[in-house]
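K.L.:
Build me a structure from this.
(chains A, B and C)
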Amino acid sequence: MKIHIKNGRLIDPQNGIDTKQDLFIAAGKVAGIGQAPADFAANQVIDATGLVVCPGLIDLSARLREPGYEYKATLESEMLAAAAGGVTSLACPPDTDPVLDEPGLVEMLKHRARQLNLAHVYPLGALTRQLQGANLTEMCELTEAGCVGFSQADKPITDTLVLWRAMQYAATFGFTVWLHPQDIYLAANGVAHDGEIAARLGLRPIPTTAETIALATILRLARETGVRLHICRLSSAESIDMVAAAKAEGLSVTCDIAANHLHLTEYDIGFFDANCHLQPPLRSQRDKDALRQGLANGTIDAVCSDHTPVDEDAKLLPFGEAEAGATGLELLLPLTLKWAGEQALSLSTAIACMTARPAAILGLKSGHLGLQAAADVCIFDPEQYWKIEPRALKSQGKNTPFTGMELAGKVRYTILDGDLVYKT
Amino acid sequence: MHNPQLTDDGKLKHLLSIEGLPKSIINQILDTAESFVGVAEREVKKVPLLRGKTVCNIFFENSTRTRTTFEIAAKRLSADVINLNVSTSSQSKGETILDTVDNLTAMHADMFVIRHAQSGAAHFIARHVKPHIHVINAGDGRHAHPTQALLDVFTIRRYKPEMHNLRVALVGDVLHSRVARSEIHALTTLGVPEVRVIAPKTLLPEHVEKLGVHVYHDMAAGLKGVDVVMMLRLQNERMTGALLPSAQEYFKTFGLTQEKLALAKPDAIVTHPGPMNRGIEIDSSVADGRQSVILPQVTYGIAVRMAVMSILAGNN
Amino acid sequence: MTQQTIDLPDAEQLLSRLADQLKPVINGKAALVGIHSGGVWIMERLLPMLGENLEHGRLDVSFYRDDFGRRGLHQDTLPSQIPFDVEGCHIILIDDVFYTGRTIRAAMNELFDYGRPASISLAVLVNRGGRELPITPQFCAHDMQLPADHNLQLMQDTEGRFYLTLEESKDA
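P.N.:
Below you'll find the model as predicted:
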């Protein structure tokens, strides 16, 4: 399939490109930039006038809910949501049912994803068996099956000895460990940030120390073991400072935040809006400002959607009983653009946070559109506003705190390995 | 943000929390309750205001006391009353909260009185009921218990009409208490100049001073010169979970005895939402003493709830 | 303007006339009950004229009105006070203006929730015509016919002297 994308604004942060340039795709790769390669006869021409052409977005966390949670969402619906969101690569956490701790399950997931051919799926394997925090998984086998790292999802390891050993083992082979810093005792049953809102509304609190104390332990053990560490979903200002210090010390550590936390605080809970029940919780204004700053100055390496589709019934409950999480694949782009616009940052910076930087964390060669790079392309209209409402979302998860809002940034075409997989 | 308790023209549609209730509406409830106190002293304790209306007590969390007072209040307004005790076992049969509410709506209920273990449950239900139905929050998790706070300030107002001059101290487990939160909002909205909370750190929410209160960990200092002492219940489960070592030590440090009460003003009054744990948060001699207004609170509780129901039922 | 076409009587004179009508029927078992708020004003002025030690009370009929469903609860309800035993009493209900009779119906219902009186009679300053129920005052200082869209009210000036006002009401 030969595709000629013309008149678009090509933004490729990794290669420092931000100009009006045509893009030429052939045999699943970038065949020409600016100029058509010799003997190029396009099968398809895409007129990208007024649109941005950038590398396909790379989402560090999207729950696809298969296997096991098909009543919440299926691979079909969520991969379609990815394509509709311009996401061509995504990492999924291992908290499926059964847990992704067996190579066979990982192979099946990768196989199913390949068949659907809507996005590249990079599964994270479970760090411990059944995510129970007691025994190690066969990390080598799992990596061979396709895992790009190892995670505990939202079930932190409480036994520090096990955590240490797991890091040591992963470090032996150079595997990356992805951890959500949460002290389960301090966070016990908590549903909202331990701030003014939780005090007023009588919601069980999750103090900031639940994150920072766990983070301190994780960073210290990382220093001891030399493991490559990726910290998932920071939520507080203090945590950012801790990660910055660790990086300055020379630790191999990266971190991400969820796009929701760039825009929302505890105050958005309002009158107990269950769509704002998230893990980690929405914290204070000060924390939000620090997260926005951290992503801008690079202390926070990437922004992800933390896509977590929740079935309607599980949200139609009083706040504390409602399941935590928000749908996000289709909002990653508009939310990140909104942040960049408000911080007076360039489109290129915004796009880098969703392409080159996550690619580096995943160790992928993609995330850019240099010659001969895989043709994963996202073409979007940065000026087009669209209303976030259930029928506008392809995901089966309609649960988002941004319901009813109009956001700018509409994906018009998504190309995966040189195939057009989404168009609107 | 639109207050879900009020109609577009500012009238009371639901009673979900004291927070967000205009002072004028609080005063309207209290003033109307004055008339109902008189009704209770008559031979025929009923008035026909809610005749033909059905009030449903939906208690997802058990409480015979509170449910009974709401039932009495509704019946004294000539309403029909349905009591639904949704224990955890029937919830596990799979019926959702909204299903329960929908079923009762189909039975022509006009007003729901809701008690639930989750903060925000009353708001949640109010968001989903049909437009003509009124919701009264009878206690949701740790969040609010507005009718309790209203009857407490009604009682205080009866004994100490000059609210603008009062020092009030709340003593006990503020962290877990929906009563405390509602009481604090009611007092501050009505212009009480100084509201204190007296408790160990383990029983206070992290940002409690943002609610407009002065924090004391020393009961002697906290009770000095106080006009009203509002006791809070200490639940047994607080002795586990590393919040408190024992009932004895709690009584010694934060229990209300005659000696400690003597530090307050000589004519100070003592309230308690009930049921009391004698010897744990309050000494019997105080509970039964001349400064206690705990029994009148119960009487006034019915009048205040009648006032709330009447005002709601009239706002259609 | 309406005032020019309808002459309003002197309320103070009506008060004296009403007192004269009531004097013959006051005995040991009589009690006056004023209906908030005009009826209570009148009752307070009548009491010294009719005799000391006369049992008396006041009714706020807000909880017995038949328009609760349409208009909701009145903003300023006041407690009713019947400090005597209604049982076997000859009660004289007192109100300022008698119109549809619905207020009196509500007052009687409320009174019966206090006990069983031996009799109830009604004394009003003005009967303005337009009754909608089979209720009529036994004692009335002045009869007149007013159109439905006119609102007759008893007022008190700063010295406590009564006077009547008439205005076109916005809702019929």
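
K.L.:
need the contact list for the closest residue to C:Asp10 other than its chain neighbours.
P.N.:
Excluding its sequence neighbours, the residue lying closest to C:Asp10 (Cβ to Cβ, 6 or more residues apart in numbering or on different chains) is C:Tyr163, at 7.7 Å. Any C-beta I mention is one placed from the backbone N, CA and C, and that applies to glycine too. By Cβ atoms under 8 Å, 6 or more residues apart in numbering or on different chains, the residues touching C:Tyr163 are C:8, C:10-12, C:154-157.

K.L.:
can you tell me which of the residues you listed are in helices?
P.N.:
Per DSSP state H, helices hold the following members of the contacts of C:Tyr163: C:11-12.

K.L.:
for the contacts of C:Tyr163, which one is nearest B:Ser182?
P.N.:
Nearest to B:Ser182 among the contacts of C:Tyr163: C:Gln156, at 40.8 Å, using Cβ to Cβ.

K.L.:
so where do the helices sit in the stretch 51-200 of chain B?
P.N.:
B:64-76, B:88-91, B:97-106, B:121-128, B:146-159, B:178-189 (DSSP state H, counting those that start in this stretch).

K.L.:
typed the wrong thing, it's chain C
P.N.:
In chain C, the segments counted as helices under DSSP H are C:11-22, C:38-50, C:68-71, C:102-112.

K.L.:
pLDDT below threshold where in chain B?
P.N.:
Within chain B, the ranges that satisfy pLDDT under 70 run B:1, B:87-94.

K.L.:
C:Leu73 versus whichever residue of it sits closest to chain C, what's the distance?
P.N.:
Distances between chain B and chain C by Cβ to the nearest Cβ are smallest at B:Gly314, namely 3.0 Å. For B:Gly314, the distance to C:Leu73 (Cβ to Cβ, to the nearest Å) stands at 4 Å.

K.L.:
Spit out the residues that contact the two alike.
P.N.:
With Cβ under 8 Å, 6+ apart as the test, B:Gly314 and C:Leu73 both reach B:Leu49.

K.L.:
Quick one: name the residues of chain C near chain B.
P.N.:
C:60, C:62-64, C:68-69, C:71-73, C:75-82, C:109-110, C:112-115 (Cβ under 8 Å from any Cβ of the partner chain).

K.L.:
Can you tell me which of those are buried?
P.N.:
C:60, C:62-64, C:68, C:72-73, C:77-80, C:82, C:109-110, C:113-115 (16 or more other Cβ atoms under 10 Å in any protein chain shown).

K.L.:
from the residues you listed, which ones fall inside strands?
P.N.:
The subset of these located in strands under the criterion DSSP state E is empty.

K.L.:
ok, back up a step: can you redo the helices of the stretch 51-200 of chain B as TSV with distance to chain A and mean neighbour count?
P.N.:
Shown next, in TSV, are those (distance: least, Cβ to the nearest Cβ, whole Å; neighbours: other Cβ atoms under 10 Å in any protein chain shown):
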stretch	distance to chain A	mean neighbour count
helix B:64-76	17	19
helix B:88-91	11	11
helix B:97-106	6	16
helix B:121-128	4	24
helix B:146-159	13	25
helix B:178-189	6	26
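
K.L.:
Generate CSV for these, with distance to A:Gly341 as supplementary columns.
P.N.:
What follows is the helices of the stretch 51-200 of chain B, written out as CSV (distance: least, Cβ to Cβ, whole Å):
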stretch, distance to A:Gly341
helix B:64-76, 51
helix B:88-91, 46
helix B:97-106, 39
helix B:121-128, 33
helix B:146-159, 42
helix B:178-189, 39
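
K.L.:
helices and strands of chain C: which one bottoms out on pLDDT?
P.N.:
helix C:68-71 (a mean of 89; mean pLDDT, DSSP states H and E).

K.L.:
contact partners of that one?
P.N.:
So helix C:68-71 is contacted by B:49, B:313-314, B:316 (Cβ under 8 Å, 6+ apart).

K.L.:
so what's the nearest residue to A:Glu312 once chain neighbours are set aside up against?
P.N.:
Spatial nearest neighbour of A:Glu312, excluding adjacent residues (Cβ to Cβ, 6+ apart): A:Lys398 at 7.0 Å. Residues counted as contacts of A:Lys398 (Cβ under 8 Å, 6+ apart) are A:312, A:327, A:390.

K.L.:
Would you write out the ChimeraX command that picks the buried residues out of the residues you listed?
P.N.:
For the buried members of these, the matching ChimeraX selection, counting by 16+ other Cβ under 10 Å, is:
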select /A:327
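
K.L.:
So which of the contacts of A:Lys398 is the closest to chain C?
P.N.:
A:Glu312 (36.3 Å).

K.L.:
Tell me the pLDDT of A:Glu70.
P.N.:
Confidence at A:Glu70, expressed as pLDDT, is 84.

K.L.:
show me what contacts it?
P.N.:
Here A:Glu70 is in contact with no residue (Cβ under 8 Å, 6+ apart).

K.L.:
Please apply the same query to B:Arg67.
P.N.:
B:57, B:59, B:83, B:85, B:113, B:115, B:138.

K.L.:
Name the member of those residues with the most neighbours.
P.N.:
The most crowded member of the contacts of B:Arg67, judged by other Cβ atoms under 10 Å in any protein chain shown, is B:Val113 (30 neighbours).

K.L.:
That one reaches B:Val55, doesn't it?
P.N.:
Yes - under the criterion of Cβ atoms under 8 Å, B:Val113 makes contact with B:Val55 at 6.6 Å.

K.L.:
Can you check which residues contact both of those two?
P.N.:
In contact with both B:Val113 and B:Val55: B:Phe70, using Cβ under 8 Å, 6+ apart.

K.L.:
Quick one: residues in contact with stretch A:409-424.
P.N.:
Identification of contacts with stretch A:409-424 by Cβ under 8 Å, 6+ apart yields A:1, A:3, A:25-29, A:44, A:46, A:48, A:51, A:56, A:80, A:83-88, A:117-120, A:330, A:333-334, A:337-338, A:374-382, A:384-386.

K.L.:
So among those residues, which ones count as buried?
P.N.:
Using 16+ other Cβ under 10 Å, the buried ones in the contacts of stretch A:409-424 are A:3, A:25-26, A:46, A:48, A:51, A:56, A:80, A:83-88, A:118-120, A:330, A:333-334, A:337-338, A:374-382, A:386.

K.L.:
Please report the distance of the closest residue to A:Ala356 other than its chain neighbours from chain C.
P.N.:
Excluding its sequence neighbours, the residue lying closest to A:Ala356 (Cβ to Cβ, 6+ apart) is A:Gln14, at 4.0 Å. Look at A:Gln14 and chain C: by Cβ to the nearest Cβ, to the nearest Å, they are 67 Å apart.

K.L.:
what do you get for A:Phe272?
P.N.:
Taking Cβ to the nearest Cβ, one finds A:Phe272 at 28 Å from chain C.

K.L.:
pLDDT score for C:Ile6?
P.N.:
If you check C:Ile6, the pLDDT there is 76.

K.L.:
Can you tell me, leaving aside adjacent residues, what's nearest to it?
P.N.:
Using Cβ to Cβ, 6+ apart, the nearest residue to C:Ile6 is C:Leu166, at 6.2 Å.

K.L.:
contacts for stretch A:355-363?
P.N.:
A:13-14, A:54-60, A:89, A:91, A:122, A:148-149, A:176, A:230, A:254, A:256, A:301-302, A:304, A:365-368.

K.L.:
Would you mind listing what in chain A touches chain B?
P.N.:
Counting by Cβ under 8 Å from any Cβ, chain A sits next to chain B at A:194-196, A:198-205, A:207, A:270-272, A:274, A:313, A:316-321.
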